[in-house]
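Chemist: with the input below, show me the fold.
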Amino acid sequence: MSTRATSPSKKKSSSSDNNNGKPPQAVRFGRRTSSGRIVGLSQDDDLDMSAENATGDSMNYTVMMPPTPDNQPGVEQGAGGTSSSSRVRMESQQRNGDQTNIGRLSGKLDRRVSVLKSNSKSMLMRSQTGDFDHNRWLFETKGKYGIGTACWKEEEAYDATSAGMTMDDFTDKPWKPLTRKINVPPAIISPYRLLVVIRLVALILFLSWRVQNPNEDALWLWGLSIVCEIWFAFSWLLDQLPKLNPINRAVDLAALKEKFEQPCPSNPQGRSDLPGVDIFVSTADPDKEPPLVTANTILSILAVEYPVEKIACYISDDGASMLTFEAMAEAVSFAELWVPFCRKHNIEPRNPDTYFNLKKDPTKDKKKEDFVKDRRWIKREYDEFKVRINGLPDAIKKRCDMLNSKDELQRNDSHTTTNTDNSNGETNTEKTEVQKATWMADGTQWPGTWYQKAPDHAKGDHAGILQIMSKIPEIDPVLGHYDEKKLDFTGVDIRLPMFVYVSREKRPGYDHNKKAGAMNALVRASAILSNGPFILNLDCDHYFYNSMAIREGMCYMMDRGGDRICYVQFPQRFEGIDPSDRYANHNTVFFDGNMRALDGLQGPVYVGTGCMFRRYALYGFDPPRAIEYTGIFGQHKQPTQSTVQEQSDQEEDSSDTQHLTSHPDLELPKKFGNSTVFTDSIPVAEFQGRPLADHVSVKNGRPPGALIHARWIYGSVTEDVVTGYRMHNRGWRSVYCITKRDAFRGSAPINLTDRLHQVLRWATGSVEIFFSRNNPMVATRRLKFLQRVAYLNVGIYPFTSIFLVVYCFLPALSLFSGQFIVQGLSIPFLSYLLTITVCLMLLSLLEVKWSGIGLEEWWRNEQFWVIGGTSAHFAAVLQGLLKVIAGIEISFTLTSKSAAEEEDDIYADLYVVKWTSLFCMPLTIMVINMVALVIGFSRTVYSVIPEWNKFLGGCFFSLWVLAHMYPFAKGLTGKRGRVPTIVWVWSGLVSITVSLLWITISPPQGSVSVSSGGVQM
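Modeler: Numbers count the residues shown, from 1 in each chain. Below is the predicted model:
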């Protein structure tokens, strides 16, 4: 603790008589360093104070002496036996001794001694041995330790502030970071990087040898193979380079709670100072996305463990369905029971359907006696809730039929015309045709899509709808009470977050930009209603599996440097997938390998769901303190011109808000349409999203206690990747948050056809990115080099399918022609091949080690890479080229979230064979390779000079192709091994066609003629 230096004129020396002849006690000196640590210095320490320690901090000291009655230097006994408080200042004496190597203290040390009051009964505090009983003295006389963290009394006569000390010097807690970075152990990452270099060198040598040693007997086969191998090496390099720096991260939820939710001078009541979060859920078709699944997702959101007044949930119904609307109303009604139940008993997960289907014991770690009764009661309520949701289609239909009949009668009565004939007085009644509408429960017509199409009430042609289904919660908790008819919620907060139903307006002739347009509509609506500085978007089938997920993501946003993070991406985890994961639906190689590696660069890519955005970044603004990377490999860093300008502006004008600025790839308007309220909400969201300024190293922060009281990019099917790329291109960073307990869980298509259509959509979006202005090759200098390589791989990987298809046919062509890609199986060829294969296997093992995936998962991923590459990726390239060249738009197929119809087998959908044109190419590859194996074997056996080395080479690669196609073949056989008729027909046509082509191209040698007397050859 540094104190003010005292002048020699004010120096006081303590008399030796005060110690009553006792030996002097060693005096410890302590100094406070710039980092906050207290370093003890003693007169007994042999320190050279004249050199490196002769600084301003080491010259001023505070004397730390135990303030006991028998050891109080400078205390004079009064007449009454009490001691008067006095401040003793002692000047340090220069140490004089016989040793000549001891330096002289440069300067004078200011020693301040804390003084305590004595008591006349101090003699009574002696123990039987005559020693002073210190503990008894403290208890009897209420003695005080003076200044320090143990005791500080306001009524103390000692004025600490006059000595240059305050309470903050003692109660200053160490600053705790909210997150920490955990690097991969060097024992794993160093060999991994070394193997990458070795394999790269081996690939270069192998390709050089292949180019220099062509197969003169089959140049066409050699040429095709060498082109494919060069592309595979380039594709492997693009995929491997971003994996050189994988990292792990960890968060400290206790520190987050301590900083934002504990009482402090700026927040005496301990209200939450966390920023608000708006949660977006998107749905489009109640047939493919069942309302019960969406309702369970909403229930898990409303029960999330986060301040209720800081959460707002929005659902975007792009189909404007009456069924979805009423299902959400039922969900809010059930949430009034489900949410307090979760808070009372700390339920995990908070999706009721998943919770009641858990296989483990529900009473584990539950201590309240009424838990079993509450669970039984809420389970019955949930069953009734499911029945109401399942009965909504029939209930809506009956209501519509009844109200339509009533409306038709009323209109016919009002439009009845009576024509009376003057002669006979006959009456003519004309009935008018009435459009059958869809009716709401209150007897009004539904403004969205009707069951029977009508003008202004059809898909793609309906009005906009916005309905606040649960009101904005109170700021203070609303505690429940005991109710015999319901659960006992005494002492439980029964508030619900705000929930809003939104269906944007759609009209024919306009491009509504699919999911990206729906998300932007929610961004604009939420900016007016809640304006949460952070936005979390989820698919309708992705629910909160971890109720603390938002808090874990908020640790990154609110930590030091968090103002430069544009989004926190959570990994996707799936349920309902077959145990063998036949089609690599878990995709763990990507989520646990590639994404973890990208986190060590500029951040992971945005994958469309389970991502928490900074609203200010979605609006397209530049990050604070943006950095540009120059040089061939981006090895030089420098601040951008806008950053330098901002720093100079901040010196002149220290305002809390940042003005609208331009950025390199998007021009933002100064206002949005005629809405000034929307533009006014931007600086508010930016300020609320800043980290807490509780440390000098936190830049661009907000003061504590300030919070007590968009843009998705169009023009791509995969708007998620483009949106994340645009943010990274402006200089923002992103973070990958892998939680110990899965943050979110969702469903994935386990049917082969649905899986391939999903991959087709992703690959088509990547092709669009490659041919658009979002190509990373034309990115700004704010994008790191390896991050640019990663995004380049995203746009290029579908084109690998062209070379993959050709390479899968090469073994069959080799067996048909009797040739091979090389002249023969020579030692150099086998050596290079063995080296490359062994390096690849070792790399895979190390990647499994640092990513945590399993070998079986890695192998499934390799298999589906071949299956998807020869089917969906190949079709995506064709579709992308058609869109770019001919302008033909790409159809969007919504992934089905509905479960299997057979309740006995939850994996029944896995065995359903739905024929699609995507099956043609992989099925053709399989049939041709199997036919080629038979023909190649027959050719070699019946040949005059069998060339077994060429046959074995072609056979090995052909079996390699068939091994990767095994899940595809198994998917075609169905549940009971029954192959569909169309598969047999297609296989027969391919076999006959290949056989005829082979006979035509390579006819049998020689001719046979029959004449009289014998056969001539």
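
Chemist: pull out the CA atoms of the helix or strand hosting Phe803 and give them to me as PDB.
Modeler: Per DSSP states H and E: Phe803 is located in helix 800-817. In PDB, the C-alpha atoms belonging to helix 800-817 read as follows (Å, rounded to 0.1, in the frame of the first residue of the first chain):
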ATOM      1  CA  THR A 800     -15.100 -32.000 -55.400                       C
ATOM      2  CA  SER A 801     -18.000 -34.100 -56.300                       C
ATOM      3  CA  ILE A 802     -17.200 -33.900 -60.000                       C
ATOM      4  CA  PHE A 803     -13.700 -35.400 -59.500                       C
ATOM      5  CA  LEU A 804     -15.100 -37.800 -56.900                       C
ATOM      6  CA  VAL A 805     -17.600 -39.200 -59.400                       C
ATOM      7  CA  VAL A 806     -14.900 -39.600 -62.000                       C
ATOM      8  CA  TYR A 807     -12.600 -41.300 -59.500                       C
ATOM      9  CA  CYS A 808     -15.300 -43.700 -58.400                       C
ATOM     10  CA  PHE A 809     -15.600 -44.900 -62.000                       C
ATOM     11  CA  LEU A 810     -11.900 -45.200 -62.600                       C
ATOM     12  CA  PRO A 811     -11.600 -48.700 -60.900                       C
ATOM     13  CA  ALA A 812     -14.400 -50.000 -63.100                       C
ATOM     14  CA  LEU A 813     -12.800 -48.600 -66.200                       C
ATOM     15  CA  SER A 814      -9.500 -50.100 -65.100                       C
ATOM     16  CA  LEU A 815     -11.100 -53.500 -64.700                       C
ATOM     17  CA  PHE A 816     -12.900 -53.200 -68.000                       C
ATOM     18  CA  SER A 817      -9.800 -52.200 -70.000                       C
END
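
Chemist: dihedrals phi and psi, the closest residue to Glu552 other than its chain neighbours?
Modeler: Spatial nearest neighbour of Glu552, excluding adjacent residues (Cβ to Cβ, 6 or more residues apart in numbering): Val251 at 5.0 Å. Placement of C-beta: from N, CA and C, glycine included. Backbone torsions of Val251, given as degrees, to the nearest 10, read phi -120, psi 160.

Chemist: contacts only, for the residue nearest to Ile230 when sequence neighbours are not counted.
Modeler: The spatial neighbour of Ile230 that comes closest, neighbours along the chain excluded (Cβ to Cβ, 6+ apart), is Leu207 at 6.0 Å. Contacts for Leu207 (Cβ atoms under 8 Å, 6 or more residues apart in numbering) come out as 226, 229-230, 233.

Chemist: and the helix or strand following the helix holding Phe803, what does it pack onto?
Modeler: Remark: after helix 800-817, the chain's next helix or strand is helix 827-851, criterion DSSP H and E. Contacts defined by 3 or more Cβ pairs under 8 Å, 6 or more residues apart in numbering; DSSP states H and E place helix 827-851 against helix 186-212, helix 855-870.

Chemist: export the ones you listed to a markdown table and tack on mean pLDDT and distance to Ser734?
Modeler: Shown next, in a markdown table, are the helices and strands packed on helix 827-851 (pLDDT from 0 to 100; distance: least, Cβ to Cβ, whole Å):
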| stretch | mean pLDDT | distance to Ser734 |
| --- | --- | --- |
| helix 186-212 | 93 | 22 |
| helix 855-870 | 91 | 23 |
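
Chemist: distance to Asn729 added to those, as CSV?
Modeler: CSV is the format used below for the helices and strands packed on helix 827-851 (distance: least, Cβ to Cβ, whole Å):
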stretch, distance to Asn729
helix 186-212, 27
helix 855-870, 28
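
Chemist: how about those helices, which one is nearest Thr800?
Modeler: helix 855-870 (6.4 Å; Cβ to Cβ).

Chemist: next, the angle helix 800-817 makes with that closest one.
Modeler: With axes from the mean of the first three to the mean of the last three Cα atoms, to 10 degrees applied, the angle from helix 855-870 to helix 800-817 works out at 90 degrees.
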